[in-house]
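Colleague: Predicted model, plus sequence, below.
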2 protein chains.
Amino acid sequence: MKTDAGVHSHHISQQFNIELEEIKGSMLEMGGLVEKQLADALSALINADSELGRTVREHDDAVNDMELTIDDACSRVIARRQPAASDLRLVMGIIKAINDLERIGDEAAKIAKLAVALADEGDSSKGYFEVRHIGERVRHMVNMALDAFARYDAEAALTVAKEDVNVDMEYSSAMREMITYMIEDPRSISRVMNIIWALRSLERAGDHAKNIAEHVVYMVMGTDVRHAGLSSMEKQVKSELGSNNS
Amino acid sequence: MKTDAGVHSHHISQQFNIELEEIKGSMLEMGGLVEKQLADALSALINADSELGRTVREHDDAVNDMELTIDDACSRVIARRQPAASDLRLVMGIIKAINDLERIGDEAAKIAKLAVALADEGDSSKGYFEVRHIGERVRHMVNMALDAFARYDAEAALTVAKEDVNVDMEYSSAMREMITYMIEDPRSISRVMNIIWALRSLERAGDHAKNIAEHVVYMVMGTDVRHAGLSSMEKQVKSELGSNNS
């Protein structure tokens, strides 16, 4: 009897692990699509490619659909499998991460809309350097955050949070630059405002990548590091790594 | 034996209901604090009250702490009570609503920061009418959304989603107004940019109130109406109300 029950529960837990890994796989797939949306939106803006801008806006629906599907799968797995401890943390981490991914997708769609507006207004490359540069850094943050999630890597997650501080500083400096442009050439105000909104969207996308990194730390360590500040997050991650190595 | 088990499970389910109601109560309490933060931030901005602005920024920590506490309570209730069906939808609805509330709190803190900056820059009331007007509407949206949550009222939630469309239109019109101000008086650019960020924060807060309204519809009806568009949400709510009345 005992062996039977053991085999049975082993079988259930194996099936459960497969389900969890499938959901995690869907989340990473959604992440891949969001990364592509962000890359395409930036390329549409910088190359004044309104065709590509429109494509990105159309694909936003697919991102939204993925959020709903994965969210539903998570609710079903909670109701049916009653996960606890680290399994439950994984499911909660996925529920939160897909919300942040959906918002990064939203920001990509906004950048794509601005790309179309800017392409229609004709050429001027004021602020493009800043968009490209900050855009690259944010894309890298999103990529690192997804990678940290895939590998349950709290140290990589910490790197993402640190990078967010740099992106925020560059954003502030770019914003001052844009305001100077507008003051020097008031005829450029409408156009520069579009660049300002694009920079703002990138800064927000970076925040969401940082959120995903915080969900990774929660998943791996069971500690909620949101709102705790970077130094507290660093202390947490380092102490955990230290205790694992000792 | 059967009666005992019945009494026992009745007892458990009663205890469980009390726990759920307690968590919901905490969420509504958090909502009350966020409403106050938004009201105070707007009043700090319009009355150039930098003291009040600083108080709002300090209280943002309390909002963040509440999010973490309630989130943790939700995870614990899932692990211990294994809720299903409408109970699980309530817990998931709370987890999502507190995330939106925290972000409304963030926007309030941003408005408070802008209030301090604007108070330091000295007087000019350009854009204050728009901030006050849109601010009132968004505060009302947040209040209605929390009320709809408290009463599981999908029809009231629908009203919030409809109001978001109006707020978005007023936001776009105010934004065009601000750009016109800047073009007419380039010396006002820095100052008007602060008003623009405040308007943007209000528009975002309205979006989050709409999100909370969507969580209410999900909780009450079990249908996820996010990303579905207003008319589809309306159809869903009306058909449900129709079938209840028939």
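Modeller: Looks like it arrived, so ask away. Numbering: from 1, shown residues only, chains lettered A, B, ... in the order given.
Colleague: all contacts plus neighbour counts: C-alpha atoms, from now on.
Modeller: Fine.
Colleague: Would you map the helices across chain A?
Modeller: Secondary structure of chain A (DSSP state H): helices at A:2-46, A:50-81, A:85-120, A:128-150, A:154-184, A:189-221, A:230-245.
Colleague: So for B:C74, which of those helices sits nearest?
Modeller: Of all the helices of chain A, helix A:85-120 sits nearest to B:C74, with 10.3 Å by Cα to Cα.
Colleague: Who are the packing partners of the closest one?
Modeller: With contacts taken as 3 or more Cα pairs under 8 Å, 6 or more residues apart in numbering or on different chains; DSSP states H and E, helix A:85-120 sits against helix A:2-46, helix A:50-81, helix A:189-221, helix B:50-81.
Colleague: and the last one, what does it pack onto?
Modeller: What it means is helix B:50-81. For helix B:50-81, the elements it packs on are helix A:85-120, helix B:2-46, helix B:85-120, judged by 3+ Cα pairs under 8 Å, 6+ apart.
Colleague: Same list, those helices, but as JSON lines with distance to B:F129, mean neighbour count and mean pLDDT please.
Modeller: Shown next, in JSON lines, are these (distance: least, Cα to Cα, whole Å; neighbours: other Cα atoms under 10 Å in any protein chain shown; pLDDT from 0 to 100):
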{"stretch": "helix A:85-120", "distance to B:F129": "27", "mean neighbour count": "23", "mean pLDDT": "96"}
{"stretch": "helix B:2-46", "distance to B:F129": "9", "mean neighbour count": "17", "mean pLDDT": "86"}
{"stretch": "helix B:85-120", "distance to B:F129": "15", "mean neighbour count": "23", "mean pLDDT": "96"}
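Colleague: Would you confirm that A:R191 contacts A:L118?
Modeller: Yes. The criterion here is Cα atoms under 8 Å, and A:R191 meets it with A:L118 at 7.0 Å.
Colleague: Please tell me how far the residue nearest the centre of chain A sits from chain B.
Modeller: Nearest residue to the geometric centre of chain A (Cα atoms, centre = their mean): A:A209, 3.6 Å. From A:A209 across to chain B, the span is 16 Å (Cα to the nearest Cα, to the nearest Å).
Colleague: which residues sit in contact with A:S232?
Modeller: By Cα atoms under 8 Å, 6 or more residues apart in numbering or on different chains, A:S232 lies in contact with A:V225.
Colleague: That one and A:K238, how far apart?
Modeller: Distance, A:S232 to A:K238, by Cα to Cα, to the nearest Å: 10 Å.
Colleague: Kindly report the same for A:K36.
Modeller: 32 Å.
Colleague: same question, A:D72
Modeller: Where A:K238 is concerned, A:D72 sits at a distance of 35 Å (Cα to Cα).
Colleague: who in chain A is up against chain B?
Modeller: A:64, A:68, A:75, A:78-79, A:82-85, A:88, A:179, A:182-183, A:186-187, A:189-190, A:224, A:226-227 (Cα under 8 Å from any Cα of the partner chain).
Colleague: Please convert the buried members of these into ChimeraX selection syntax.
Modeller: Selection of buried members from the residues of chain A next to chain B for ChimeraX, criterion 16 or more other Cα atoms under 10 Å in any protein chain shown:
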select /A:64,68,75,78,79,82,83,84,88,179,182,183,186,189,190,224,226
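Colleague: if we can go back for a sec, in a markdown table: the helices and strands packed on helix B:50-81, plus distance to B:H140.
Modeller: Output for the helices and strands packed on helix B:50-81, formatted as a markdown table (distance: least, Cα to Cα, whole Å):
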| stretch | distance to B:H140 |
| --- | --- |
| helix A:85-120 | 24 |
| helix B:2-46 | 9 |
| helix B:85-120 | 13 |
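Colleague: among those helices, which is nearest A:N143?
Modeller: helix A:85-120 (11.3 Å).
Colleague: Can you give me every residue that contacts A:G135?
Modeller: A:G135 makes contacts with A:42, A:202, as judged by Cα under 8 Å, 6+ apart.
Colleague: swap in A:L202?
Modeller: So A:L202 contacts A:107, A:134-135, A:138 (Cα under 8 Å, 6+ apart).
Colleague: Quick check: the two most widely separated of those?
Modeller: Top of the distance list for the contacts of A:L202 (Cα to Cα): A:E107 and A:I134, 13.9 Å.
Colleague: Now tabulate the helices and strands packed on helix A:85-120 in CSV and tack on distance to A:F129.
Modeller: Converted to CSV, the helices and strands packed on helix A:85-120 look like this (distance: least, Cα to Cα, whole Å):
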stretch, distance to A:F129
helix A:2-46, 9
helix A:50-81, 19
helix A:189-221, 11
helix B:50-81, 33
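Colleague: looking at these, which is closest to A:K126?
Modeller: Closest to A:K126 of those is helix A:189-221 (Cα to Cα; 7.4 Å).
Colleague: List the buried residues for that closest one?
Modeller: Using 16+ other Cα under 10 Å as the test for burial, helix A:189-221 gives A:189-196, A:198-221.
Colleague: go on, stretch A:223-237?
Modeller: A:224-226, A:230, A:233-234, A:236-237.
Colleague: mind listing what A:D61 touches?
Modeller: Going by Cα under 8 Å, 6+ apart, A:D61 touches no other residue.
Colleague: Could you report the distance from it to A:G105?
Modeller: 10 Å.
Colleague: Could you do A:I111 as well?
Modeller: Taking Cα to Cα, one finds A:I111 at 10 Å from A:G105.
Colleague: How about A:M169?
Modeller: Between A:M169 and A:G105 the computed distance is 23 Å (Cα to Cα).
Colleague: burial of A:E184, as a residue count?
Modeller: 12 (other Cα atoms under 10 Å in any protein chain shown).
Colleague: What does the pLDDT read for it?
Modeller: We have a pLDDT of 93 for A:E184.
Colleague: Would you agree A:A119 is in contact with A:A48?
Modeller: Yes. Using Cα under 8 Å, A:A119 is in contact with A:A48, at 4.6 Å.
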